[in-house]
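Colleague: Provided below for reference: sequence and predicted model.
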Amino acid sequence: MKAVELIATATFGLESIVAQELRNLGYDDLTVDNGKVIFTANLMAICRTNIWLRTADRVKLKVGEFKAATFDELFDQTRALPWGDWLPADARFPVEGKSVKSTLYSVPDCQAIVKKAVVESLKERYHRDWFPEDGPLYKIEVALFKDIATLTIDTTGPGLHKRGYRTLIGEAPLKETVAAALVILSHWDHDTPLIDPFCGSGTIPIEAALLGLNIAPGLNRAFVSEDWPNIPKEQWQQARQEARELVQWDQKLYIIGTDIDPQILKVARRNVEEAGVGQYIHFQAKPVSALSSKRKYGKIICNPPYGERIGERNEVAKLYREMGRVSQKLDTWSFYILTSHPHFERLFGRPADKRRKLYNGNIQVQLYQYFGPRPHKRQEDNQHGT
């Protein structure tokens, strides 16, 4: 089967997690770079990675890469690429662009030149002078970095964080891909209790349930490359059937989401039903100060308010102190807390065992990790209640 070079893009800080996801799928020929993981695979990988990747933003097909310091170089080398191998005669192929630290800094000009070069390439392939662009979508991107041009085609469509379950969202939603990353970074497994005391619209609990049940996050959504004649429909059917057979519906999960706002919990309950995991997650309306559990061991994973607005700072400081007191009560639990607050550790009451820099949208945040002791006996976790 034809080998292709693919790029899984990622939020800064999540590249190594995306790389491990790709290795778990059997794609070992990869290179990790800032904001992306480049890997070589077969056509089937376009189907499988779009369906399975939890923490990547999208999957792009790499058409070519070359040095271009002039518009002539950009045009000539773009034209020389095998566009006809991918784009049918009726393809829609809008061009987007970006330029960082490059001589060719005008993005609109670069986009126009790439568009013209692709048209010229297709004229040679199809022996025609006009293209209707009324068929399947092949969104092309020209990315220039230090005079190196990378030409890609997006295989995903709406970003991979669009799982399809979040029809209703809260005021400050956490991206699904970042929520999945928090669960993965915590090394949570389906045997371990998990509580999100600031669950909002339920994203962290839902992503944990999808992971715990081994449900592919893209199983029930569509991707733009499904309309491409280059990829046989049978491959998409096979990839989805493979994913369905790997779901572990019989797992017993202990996942709880709490929030002080009963209205947002209505949204969360709607979202878990849309995700198909309603029976595996329990929601409760309660403040973080009331958090407790009869379980000896577990993990708290949350994305509390950051206090970015001036009027919220005192309230958030109080909240973090309450979280610190809760951690003293649940002293055998592990805590994974995502926030941009510069004084979180002081307010929480102790330094984190480990910190990791991430991004929530455009906000630089830290994942503060507090490790509880390893469970001595699994049967201690067989109790119920919170």
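Modeller: Alright, I've got the coordinates. Numbering: from 1, shown residues only.
Colleague: quick one: contacts of the longest strand seen in the chain?
Modeller: Ranked by residue count under DSSP state E, the longest strand found in the chain is strand 58-67. With contact meaning Cβ atoms under 8 Å, 6 or more residues apart in numbering, strand 58-67 is reached by 4-9, 38, 46, 49-50, 53, 73, 77-78, 81-83, 86, 140-141, 147-156, 159-160. C-beta: built from backbone N, CA, C; applies to glycine.
Colleague: mind running it again at 6 Å?
Modeller: Strand 58-67 has contacts (Cβ atoms under 6 Å, 6 or more residues apart in numbering) with 5-9, 49-50, 77, 81, 147-156, 159-160.
Colleague: show the buried residues in the residues you listed.
Modeller: Burial by neighbour count, judged by 16 or more other Cβ atoms under 10 Å, picks out 5-9, 49-50, 77, 81, 147, 149-156, 160 from the contacts of strand 58-67.
Colleague: just the ones in strands from the contacts of strand 58-67, please.
Modeller: Those of these mapping onto strands are 5, 6, 7, 8, 9, 148, 149, 150, 151, 152, 153, 154, per DSSP E.
Colleague: closest one of these to residue 250?
Modeller: Taking Cβ to Cβ as the measure, residue 250 sits nearest to residue 8 out of the ones in strands among the contacts of strand 58-67, at 30.7 Å.
Colleague: now do the contacts for that closest one.
Modeller: Contacts here follow Cβ under 6 Å, 6+ apart; on that basis residue 8 touches 18, 37, 56, 59.
Colleague: so which elements touch the helix or strand containing residue 18?
Modeller: Using DSSP states H and E, the element containing residue 18 is helix 15-24. Applying 3 or more Cβ pairs under 6 Å, 6 or more residues apart in numbering; DSSP states H and E, one finds that helix 15-24 makes contact with strand 30-33, strand 36-42.
Colleague: in the first one, what's buried?
Modeller: The neighbour-count criterion (16+ other Cβ under 10 Å) identifies residue 30 as the buried residues of strand 30-33.
Colleague: give the pairing partners of that strand; include direction for each.
Modeller: Strands that pair with strand 30-33, judged by DSSP bridges, come out as strand 36-42 (antiparallel).
Colleague: now do the partner strand: distance to the chain's middle.
Modeller: Relative to the centre of its chain, strand 36-42 is centred 16 Å away, using Cα atoms, centre = their mean, to the nearest Å.
Colleague: relative to strand 58-67, how tilted is that strand?
Modeller: 100 degrees (axes from the mean of the first three to the mean of the last three Cα atoms, to 10 degrees).
Colleague: hmm, who's touching strand 36-42?
Modeller: Taking Cβ under 6 Å, 6+ apart as the rule, strand 36-42 contacts 1, 3, 5-9, 15, 18-19, 22, 27, 29-31.
Colleague: can I get that strand as PDB, trimmed to CA atoms?
Modeller: Provided in PDB are the C-alpha atoms of strand 36-42 (Å, rounded to 0.1, in the frame of the first residue of the first chain):
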ATOM      1  CA  LYS A  36       3.500  18.600  15.500                       C
ATOM      2  CA  VAL A  37       4.500  15.000  15.000                       C
ATOM      3  CA  ILE A  38       5.600  13.900  11.500                       C
ATOM      4  CA  PHE A  39       5.200  10.200  10.700                       C
ATOM      5  CA  THR A  40       5.200   7.900   7.700                       C
ATOM      6  CA  ALA A  41       2.500   5.300   7.200                       C
ATOM      7  CA  ASN A  42       0.000   3.900   4.700                       C
END
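Colleague: the inter-axis angle of that strand versus helix 15-24?
Modeller: With the same axes, to 10 degrees as the basis, strand 36-42 and helix 15-24 are set at 10 degrees to each other.
Colleague: mean confidence score for strand 36-42?
Modeller: Mean pLDDT, strand 36-42: 97.
Colleague: please identify the buried residues of that strand?
Modeller: For strand 36-42, the neighbour count (16+ other Cβ under 10 Å) marks 36, 37, 38, 39, 41 as buried.
Colleague: quick check: the residue positioned nearest the centre of the chain vs residue 19, distance?
Modeller: The C-alpha lying nearest the average C-alpha coordinate of the chain belongs to residue 177 (Cα atoms, centre = their mean; 2.5 Å). Counting by Cβ to Cβ, to the nearest Å, the separation of residue 177 from residue 19 is 14 Å.
Colleague: what does residue 373 give?
Modeller: According to Cβ to Cβ, residue 373 and residue 19 sit 30 Å apart.
Colleague: those two - which one has more neighbours?
Modeller: For residue 373 versus residue 19, neighbours defined as other Cβ atoms under 10 Å are more numerous around residue 19 (23 against 11).
Colleague: show me the contacts for that one.
Modeller: For residue 19, the contact set (Cβ under 6 Å, 6+ apart) comprises 30, 32, 37.
Colleague: hey, what's the first one bridged with?
Modeller: With DSSP bridges as the criterion, the beta-bridge partners of residue 30 are residue 39.
Colleague: check contacts around it.
Modeller: By Cβ under 6 Å, 6+ apart, the neighbours of residue 30 are 19, 22, 37, 39.
Colleague: name the nearest of these relative to residue 220.
Modeller: For those, the residue nearest residue 220 by Cβ to Cβ is residue 22; the value is 21.7 Å.
Colleague: going along the chain, name the strands of the stretch 51-200 of the chain.
Modeller: Along the stretch 51-200 of the chain, counting by DSSP state E, counting those that start in this stretch, strands occupy 58-67, 95-100, 140-145, 148-154, 194-196.
Colleague: so what's residue 373 closest to, chain neighbours aside?
Modeller: Setting aside the residues directly before and after it, residue 373 is nearest to residue 332 in space (Cβ to Cβ, 6 or more residues apart in numbering), at 5.8 Å.
Colleague: now do the buried residues in stretch 90-107.
Modeller: Across stretch 90-107, burial judged by 16+ other Cβ under 10 Å covers 91, 93, 95, 97, 99, 102, 104.
Colleague: same question, stretch 304-314
Modeller: 304, 305, 306, 307.
Colleague: just the residues you listed now: which is nearest residue 109?
Modeller: residue 306 (39.1 Å).
Colleague: could you tell me how many residues sit around the residue nearest to residue 373?
Modeller: Other residues close to residue 332 by other Cβ under 10 Å number 15.
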